[in-house]
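>>> task: produce atomic coordinates for the following.
(chains A and B, ligands or ions: 2)
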2 protein chains.
Amino acid sequence: MTTISEQDITVEKTQNSKLKDTDFNNLPFGKVFSDHMLISRYKEGSWSIPEVVPYQPITLDPSAKIFHYGQSVFEGMKAYKDDNDDIYLFRPLENCKRLNISSKRLAIPEIPESYFMEGLKKLLKVDQDWIPTTSGSALYIRPFVFASGNGFHASPANEYIFIIATAPSGAYFSGKVTVAIEEKYSRSANGGVGYAKAGGNYAGQFYPTQLAIDKGYNQVIWTDDTTHEYIEEAGAMNIFVRINDTLITAPTSDRILDGITRKSILEIAKKEGINVDVRRISVKEIVEAAKNGSLKEMFGSGTAAVISPISGFGYKNKDYTLPELDDSYANKLKTLITDIQYNRSEDPFNWRTKID
Amino acid sequence: MTTISEQDITVEKTQNSKLKDTDFNNLPFGKVFSDHMLISRYKEGSWSIPEVVPYQPITLDPSAKIFHYGQSVFEGMKAYKDDNDDIYLFRPLENCKRLNISSKRLAIPEIPESYFMEGLKKLLKVDQDWIPTTSGSALYIRPFVFASGNGFHASPANEYIFIIATAPSGAYFSGKVTVAIEEKYSRSANGGVGYAKAGGNYAGQFYPTQLAIDKGYNQVIWTDDTTHEYIEEAGAMNIFVRINDTLITAPTSDRILDGITRKSILEIAKKEGINVDVRRISVKEIVEAAKNGSLKEMFGSGTAAVISPISGFGYKNKDYTLPELDDSYANKLKTLITDIQYNRSEDPFNWRTKID
Ligand SMILES: Cc1ncc(COP(=O)(O)O)c(C=O)c1O
Ligand SMILES: Cc1ncc(COP(=O)(O)O)c(C=O)c1O
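Residues are numbered from 1 along each chain as shown, chains lettered A, B, ... in the order given. Ligands and ions are numbered 1, 2, ... in the order given. Below is the predicted model:
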């Protein structure tokens, strides 16, 4: 059975809701987990019908391939509540499709679209009281798939687990974001897995990011691994640069995640009459623009970070500060995209999905 | 406490040994697991004293970072039994050091050397009856470390688990190995994690390797991600090429695993008076040598694969066959290295460690 509907999904409710103990006014990012999760298991060539069950530990053999070979992919999405307590998702099918694009690259079996979409809807209905309404908060949604099959042989597993878990979450970054433009380490290779949301892409960033944090930055902006001359993206954000009044972002490639926020921002900006340019951006160009004053803004875009203005960057032992603008593109675009997400405006692009 | 001795390690013996049910004459690779494992947990800034416990499942929260961010490293070693049932390891300290080199790159806390070495010795004594003596078999040893701490935030975990599990194993490859020289996909980036035994490096190889298997090859030989003109290594093996009477292998770099078999082979070959050359090898050079007959041998080297002769390779839709030599370097070097490993010869390099 590869197409299911919501009624096919069974629900086992928790006996011990944590809802009452949760402080929705002080939500960290991704640390408090809702009462339920969706789970499906891949065995003997097919995915089981997903089920909503209490959020619970997973038990695996020590030889499960996830522990050894990093065979895992994930997604990041959010559910938003409007003033009427109606629930919305933002372009959820894009996340489902991207999960399967990632899975394919990691030799993980793809999950049927209806298992993902109907399962997610069912889960959100069961845990609807977990969707926060405090400003800047949302229910962060984490679909993921990992290799649960066993064996010390570097080859794809024969069993997998797909889970959607959720976490009511506040802002990803607190305060201004400063970045280091990377000169030595790299996030991804030509012909590699950089375009996939593969687990291993993130672990590989931790050490260089820690080196940048130790120097006082929040994040690394990755550059191409061949020359380190062109900027690519950040840890969990695509990057936009505004030079004069043109908004520039790097083209996607097999090294860069095709961010849903990124492509939505591009469409919104075009509609607003902002000049957008999707092309390679050299570090040299950014540094020169910073020096001659034509560099107006830089910001990151992502589901977790929404739009995060960058206040300065470091490169070759020099720090560059970005101006503070009253009429920044970052603020304008952030208002426009979050208004769509939280159902505070029209939805001209048809991006919202109401859960009902 | 960062230096321990063997007595510090407690042992909890299994009540249900699987030893009797194991067919040591038909051992697959890495699929049958011994009765016990060594485990240590990292919490609040330090590793617990390792313990030998029954081989048992691991229970983790769904938000454990291993499922999301691929934060894991591993090693591969073997224990050998000689005709007197004495047990030997081959250069085990090299594996311990490399595990910590990998951990550092993956922002995983390093494991104290004595926890690894004394823990491993204790484990091997407890499970000594699991070390096979059938020809070509050994006890494959899998030390690994993974992020067990929780949270949907792409940053290093605050808790980790270190385990050594073992599997009595037969040959990794059955029969002749043919390889495809990769023209599109890549294993690692300049400035990336290729030199580490990081989980994510392996998952990223599965899909391109499957494409090669579908075309009739066993393995991929990776090339540099910038030009695809130079060969690097294979899935779990370093690669040697013999042109005329010179044995060539690529230099290690931040993209290539510094294989212990590779460097041992280099030393043995030098001692045997074989001309060795550690330098970049272009695919062009290999293809030309194949055409003019100067390409005598290619083989892979690794703990699991030992020395695996390559019988042919594919490149740009053409297949090249290697000659069958009576006096191959591969056979000669395999005999020399396994004789050291199984205590069938002198140990001129001081590589063996006896477990007693
Ligand atoms: C590496 C990387 N780049 C960019 C993004 C932004 O993508 P999206 O806007 O789809 O969340 C993310 C986060 O999902 C990411 O992990
Ligand atoms: C990618 C890779 N290259 C090479 C090797 C060979 O290394 P060693 O000889 O230390 O086993 C391995 C296996 O450990 C490996 O995983």
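
>>> okay, strands next: where are they in the stretch 151-300 of chain A?
With strands called from DSSP state E, counting those that start in this stretch, the stretch 151-300 of chain A shows them at A:160-169, A:177-181, A:219-223, A:231-234, A:238-243, A:246-249, A:275-278, A:295-302.

>>> the fourth one and ligand 1 in contact?
I take that to be strand A:231-234. Yes - counting by C-beta under 6 Å from any ligand atom, ligand 1 is contacted by strand A:231-234 at A:Glu233. Bear in mind the C-beta positions are built from the backbone N, C-alpha and C, glycine included.

>>> that strand and chain B in contact?
No - shown here: strand A:231-234 not in contact with chain B (C-beta under 8 Å from any C-beta of the partner chain), separated by at least 10.4 Å.

>>> list the buried residues in that strand.
By neighbour count on 16 or more other C-beta atoms under 10 Å in any protein chain shown, the buried set for strand A:231-234 is A:Ile231, A:Glu232, A:Glu233, A:Ala234.

>>> nearest to chain B: which residue in the stretch 101-250 of chain A?
Nearest to chain B, among the residues of the stretch 101-250 of chain A, is A:Gly200, at 1.6 Å (C-beta to the nearest C-beta).

>>> pretty sure that residue contacts A:Val193?
Yes - under the criterion of C-beta atoms under 8 Å, A:Gly200 makes contact with A:Val193 at 7.0 Å.

>>> who touches both of those two?
Common contacts of A:Gly200 and A:Val193 (C-beta atoms under 8 Å, 6 or more residues apart in numbering or on different chains): B:Gly200, B:Ala203, B:Gly204.

>>> ligand 1: which of those residues is nearest?
Ligand 1 lies nearest to B:Gly200 out of the shared contacts of A:Gly200 and A:Val193, by C-beta to the nearest ligand atom, at 13.5 Å.

>>> need the nearest residue in space to that closest one, chain neighbours excluded.
A:Gly200 (1.6 Å; C-beta to C-beta, 6 or more residues apart in numbering or on different chains).

>>> how near is that neighbour to ligand 2?
13 Å (C-beta to the nearest ligand atom, to the nearest Å).

>>> now for that residue, how many residues are close by?
30 (other C-beta atoms under 10 Å in any protein chain shown).

>>> what about the longest helix in chain A?
In chain A, assigned by DSSP state H, the helix with the most residues is helix A:199-214.

>>> where along the stretch 251-356 of chain A do the helices fall?
With DSSP state H, counting those that start in this stretch as the criterion, the stretch 251-356 of chain A has helices at A:260-271, A:283-292, A:329-341.

>>> of all the ones you listed, which one is nearest B:Phe162?
helix A:260-271 (37.1 Å; C-beta to C-beta).

>>> that closest one packs against which elements?
If you count contacts as 3 or more C-beta pairs under 8 Å, 6 or more residues apart in numbering or on different chains; DSSP states H and E, helix A:260-271 packs onto helix A:92-105, strand A:238-243, strand A:246-249, strand A:275-278, strand A:295-302, strand A:306-315, helix A:329-341.

>>> at 7 Å what do you get?
Packing partners of helix A:260-271 (3 or more C-beta pairs under 7 Å, 6 or more residues apart in numbering or on different chains; DSSP states H and E): strand A:275-278, strand A:295-302, helix A:329-341.

>>> most remote residue from chain A's center?
Within chain A, the residue lying farthest from the chain centre (C-alpha atoms, centre = their mean) is A:Asn292, at 33.8 Å.
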